[in-house]
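S.K.: I need the structure of the sequence given here:
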Amino acid sequence: MSLHSCQEHFAKALSMSNFADAAAWVQGNGLEAQRRLWLYHNQIHDVWREALEITYPAVLLLTGQRYFRLVARGYAESYDSSSGNLKDYGEYFPAYLEGRLEIHLYPYIPDVARLEWARTQSMVAREEPAIPLAALANIEAALWANVRCRIAPSLHLVASPYPIDRIWAAAPDGTEPKVMAREGLLRREAAAVAIYRCGHAVTVETLQPPVWRWLLALQDGRCLHEAVMLACEVEARVGMTFDLPGSLQWAFDRGLITGVEIAA
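M.R.: Here you go, the predicted structure:
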């Protein structure tokens, strides 16, 4: 067996607590090989759990430490760390939470996790200089419909049928988020959230659904006319007026537009 193959088998054994083969490769040096491997195994899982706790503090507060540790262990058995950066480790945690049978009692938690993952990704996104609103003045009015806006890499958009913005913000207060969640479920509240970075600070901002849909369309590479049409579809459905000039001003003020071009 090659060194690379041996290392892969060893890492797999430690992450999955299957030491049957790996024990034969370990010298105990006064400590039984199985026990030595358990030490490594527990240390690895402790590091992975701590990484999840740092990335998902609101989920930790909402679920409690005991349940979070149980879920973190299950997640580690399904998704080991494939990156040298522990910040990448929790990428699939929201989807894993959604697949837990007991999560139906608290169905908003996976979406809270998605919001927290978006915050982490926003913080480490590459920096692109924003352009001023005045850049649009150089574009002929007849060409405005075909304008495409390049969106800042730090922008992440999360939508949920639950009031995850308020639940996330209230999570440090203990029981209040659970009460809020129950009330939101009864009222069928939803949330459309933008997460973006300004300087070194990440902002979580709640948007009106038409503005959120317009911004998502721009992020997907749609031209301005297409984005406005999609926003108007949401406008008609939810009964909220979409203000294009105001939305453009909002996006430029927050440095979310890093370039404009005319679609062919």
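S.K.: CA only for contacts and neighbour counts going forward, please
M.R.: OK.
S.K.: return the set of buried residues in the longest strand along the chain.
M.R.: Ranked by residue count under DSSP state E, the longest strand found in the chain is strand 191-198. Within strand 191-198, the residues scored as buried using 16 or more other C-alpha atoms under 10 Å are A191, A192, V193, A194, I195, Y196, R197.
S.K.: for it, which outside residues touch it?
M.R.: 115, 118-119, 122-123, 154-165, 202-209, 212, 254-256 (C-alpha atoms under 8 Å, 6 or more residues apart in numbering).
S.K.: in the sheet, which strands lie alongside it, parallel or antiparallel?
M.R.: As defined by DSSP bridges, the strand partners of strand 191-198 come to strand 156-160 (antiparallel), strand 201-206 (antiparallel).
S.K.: and that strand, how far from the chain's centre?
M.R.: 11 Å (C-alpha atoms, centre = their mean, to the nearest Å).
S.K.: which stretches of the stretch 1-150 of the chain form helices?
M.R.: Here the stretch 1-150 of the chain has its helices, by DSSP state H, counting those that start in this stretch, at 3-16, 33-55, 57-63, 65-78, 93-98, 109-124.
S.K.: if we can go back for a sec, compile the buried residues of strand 191-198 into CSV and extend it with columns for pLDDT.
M.R.: Shown next, in CSV, are the buried residues of strand 191-198 (pLDDT from 0 to 100):
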residue, pLDDT
A191, 93
A192, 96
V193, 97
A194, 98
I195, 98
Y196, 97
R197, 95
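S.K.: hey, which of the strands paired with strand 191-198 is tucked in deepest?
M.R.: Greatest average neighbour count among those goes to strand 156-160 (a mean of 20), per mean count of other C-alpha atoms under 10 Å.
S.K.: could you export the helix or strand immediately after it in the chain as PDB, CA atoms only?
M.R.: Sequence order places helix 164-170 as the next helix or strand after strand 156-160, per DSSP states H and E. The C-alpha trace of helix 164-170 is given here as PDB (Å, rounded to 0.1, in the frame of the first residue of the first chain):
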ATOM      1  CA  ILE A 164     -35.500  33.600  10.500                       C
ATOM      2  CA  ASP A 165     -34.300  37.200  10.600                       C
ATOM      3  CA  ARG A 166     -36.000  37.900  13.900                       C
ATOM      4  CA  ILE A 167     -35.300  34.400  15.200                       C
ATOM      5  CA  TRP A 168     -31.600  34.700  14.500                       C
ATOM      6  CA  ALA A 169     -31.400  38.200  16.000                       C
ATOM      7  CA  ALA A 170     -33.200  37.100  19.100                       C
END
